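Student: For reference, the sequence and a predicted model appear below.
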Amino acid sequence: MNMLLNSNATHRSGTTASAVANVYTKGGQTLRVPLRRAPAGPGCAGHPEQQLMRWFNRRAAAEPGFPVRVRSILIISTTSGCAPCRQALLRFLGRYRLAEKLRLLVRPGSAGGCGCRRCRSAANVAAETTLLESWLGELAPEMAGESVVQEAVGPYRQVRGHHIHQSASYGVGGAARTNPNHRAAVAIAQGVPGFTHAQHHRAAALQRYLNQAYRGKNLRQQTGGVRVQGGGTGRLAPAANPWFEDQKAYYALRAAGKTPAEALRLVQLSARQLAAAGSRPVRVPSR
């Protein structure tokens, strides 16, 4: 199934969303700030970086002490951005000792530049919108103000990170080479607040333990509070099935520290993408 849609989602104002800033606080909350595409015209006043600085000032004015509560900021953008604006944002955040806490994740496949008329002169290609992005509400018209999320989730080709459903189960060899859905499958960005490298290691370990137990290996392991115990001869080849993959995906997220509700939401989102793509497991990996 072709997963690409050619429609462009817009905000109520008619401008196209080009970025979103996830502001992670030390208390564990994540504020999601949509940033609109810069309007055509000279100057940088409408660039996403400028929008984020204005939002940050408003938030700090309404909530004294807010900058101190910020742990890090992740900008997920369809463009590489405007270099002068990026430097201005770094200087702005430097006032609060947050410049080193800023990270940028650029979605591949979109035109370069910041969206202003100067950058659009080179290319004016609309960013592709996938079914998954529509489900996530990444570019939804109602996305105004801010909302609370826990992590950056999207197609693997955009966020990289951890596949919710183990990609190796859907290919006969190396996942990136033999799983046609590898790049489109749902993944969660790793190395960020909400899903750190340590959490990813626990999730991967749980997947490995479940695979080994399902294949008949005698083991008793525990990671992230989830215990796996298995035994058998291991003489019969395990039969791949979606139910086992759903269970593995769910408990891997639980081992990583996700709540039952968070893990279920992510597994259901990934399962919807797999169903839409017609992707089914073909084996149980050995690790």
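Tutor: Received, thanks. Numbering: from 1, shown residues only.
Student: Other residues contacting whatever helix or strand Pro84 lives in?
Tutor: According to DSSP states H and E, Pro84 maps onto helix 83-94. With contact meaning C-beta atoms under 8 Å, 6 or more residues apart in numbering, helix 83-94 is reached by 44, 47-50, 52-53, 56, 73, 99, 101-102, 104, 114. The C-beta positions use only the backbone N, C-alpha and C, and glycine is treated the same way.
Student: Now do the buried residues in that helix.
Tutor: For helix 83-94, burial by neighbour count (16 or more other C-beta atoms under 10 Å) applies to 85-86, 88-89, 92-93.
Student: now stretch 262-273
Tutor: 262-263, 266-267, 269-271, 273.
Student: Doesn't Gly154 lie inside a strand?
Tutor: Yes - judged by DSSP: H, G, I helix; E, B strand; the rest coil, Gly154 forms part of a strand.
Student: Do a quick rundown of the helices in the stretch 151-287 of the chain.
Tutor: 156-159, 175-178, 197-214, 242-255, 260-277 (DSSP state H, counting those that start in this stretch).
Student: on that earlier part again, mind checking which of the contacts of helix 83-94 land in helices?
Tutor: 48-50, 52-53, 56 (DSSP state H).
Student: By neighbours, which of the residues you listed wins?
Tutor: Pro48 (29 neighbours; other C-beta atoms under 10 Å).
Student: sorry, back to before: would you format the buried residues of stretch 262-273 as a markdown table with pLDDT included?
Tutor: Listed next are the buried residues of stretch 262-273 as a markdown table, based on pLDDT from 0 to 100:
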| residue | pLDDT |
| --- | --- |
| Glu262 | 85 |
| Ala263 | 89 |
| Leu266 | 90 |
| Val267 | 92 |
| Leu269 | 90 |
| Ser270 | 93 |
| Ala271 | 92 |
| Gln273 | 92 |
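Student: Farthest-apart pair in those, please.
Tutor: Farthest apart among these by C-beta to C-beta are Glu262 and Gln273. That separation is 17.2 Å.
Student: so who does Ala19 touch?
Tutor: Contacts of Ala19 (C-beta under 8 Å, 6+ apart): 34-35, 48, 75-79.
Student: again, only this time at 6 Å
Tutor: 35, 48, 75, 77 (C-beta atoms under 6 Å, 6 or more residues apart in numbering).
Student: now swap in Ala21 and tell me
Tutor: 33, 52, 75 are the contacts of Ala21 under C-beta under 6 Å, 6+ apart.
Student: what's the closest of the buried residues of stretch 262-273 to Tyr214?
Tutor: Distances from Tyr214 to these, taken by C-beta to C-beta, are shortest for Val267, at 17.4 Å.
Student: where does the residue of the chain most remote from its centre land on pLDDT?
Tutor: Here the chain reaches farthest from its C-alpha mean at Thr233, the gap being 39.3 Å by C-alpha atoms, centre = their mean. At Thr233, the pLDDT value in this model is 71.
Student: how close does it get to Ala60?
Tutor: Going from Thr233 to Ala60 by C-beta to C-beta, to the nearest Å gives 63 Å.
Student: One more: Ile73?
Tutor: From Ile73 to Ala60 the distance is 13 Å (C-beta to C-beta).
Student: which regions of the stretch 101-250 of the chain lie under the pLDDT threshold?
Tutor: Where the stretch 101-250 of the chain drops to pLDDT under 70, the residues are 107-151, 234-236.
Student: that older thread, want to throw the contacts of helix 83-94 into a markdown table with distance to Leu210?
Tutor: Below are these laid out as a markdown table (distance: C-beta to C-beta, whole Å):
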| residue | distance to Leu210 |
| --- | --- |
| Cys44 | 51 |
| His47 | 46 |
| Pro48 | 41 |
| Glu49 | 43 |
| Gln50 | 48 |
| Leu52 | 41 |
| Met53 | 46 |
| Phe56 | 43 |
| Ile73 | 35 |
| Ala99 | 42 |
| Lys101 | 35 |
| Leu102 | 37 |
| Leu104 | 35 |
| Cys114 | 45 |
